[in-house]
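Colleague: Can you look at this prediction? I've put the sequence above it.
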Amino acid sequence: MDKYDSPSQPAAHVIPTILSTHRDWDKWFGAVKAHAVQYGIWEYVDLDAETPKELVEPTRPTPLTEAQWTSEYKRYDYNELSKNYDRDFNRFKEDRQNLRNFRSAIIRTVDSTHVSDLAADYLEPETSSCSSKNVFVLPPTLT
């Protein structure tokens, strides 16, 4: 069973630990990882991966021409591709939203005296993912 087989996802993006000092790091990082795994997005932010997986919007199948619609095989193939696209696009939207919520949850769990450092240095507002390893690097002000 994968993350898309479950009938419902957990309701809130909450990481219960606040990162205030270097002593909080292990507990905080464990909570961050558990959260990402729970929401099925760890593959996009995995620190052990040489390059984390990139979230890529699926490509819609090319519509058939009028002549292609006459082929039963082409229609069947196109319909299957369309179903797969719909499924993959829904997964993409869910993962994109979970990554946005994850980024917000991380910011909420860093002590307010340090969150501006993290937000300014490591999280670009126009991106929807936290795929950079730098998002988890302990800012120098916390050491």
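Modeller: All right, it came through fine. Numbering: from 1, shown residues only.
Colleague: Pull the distance from the longest helix seen in the chain to the chain's centre.
Modeller: As assigned by DSSP state H, the longest helix anywhere in the chain is helix 72-108. How far helix 72-108 lies from its chain's middle: 12 Å, per C-alpha atoms, centre = their mean, to the nearest Å.
Colleague: now stretch 26-42
Modeller: 12 Å.
Colleague: Could you pull out the buried residues of that stretch?
Modeller: 28, 31, 32, 33, 35, 36, 39, 40, 41, 42 (16 or more other C-beta atoms under 10 Å). The C-beta positions use only the backbone N, C-alpha and C, and glycine is treated the same way.
Colleague: Over to stretch 43-62?
Modeller: Neighbour counts over stretch 43-62 (16+ other C-beta under 10 Å) mark 44, 45, 46, 52, 55 as buried.
Colleague: go on, stretch 97-105?
Modeller: For stretch 97-105, a neighbour-count test (16+ other C-beta under 10 Å) marks 98, 99, 101, 102, 103, 105 as buried.
Colleague: returning to that earlier point: tell me the one of the buried residues of stretch 43-62 nearest residue 16?
Modeller: Taking C-beta to C-beta as the measure, residue 16 lies nearest residue 45 of those, at 18.2 Å.
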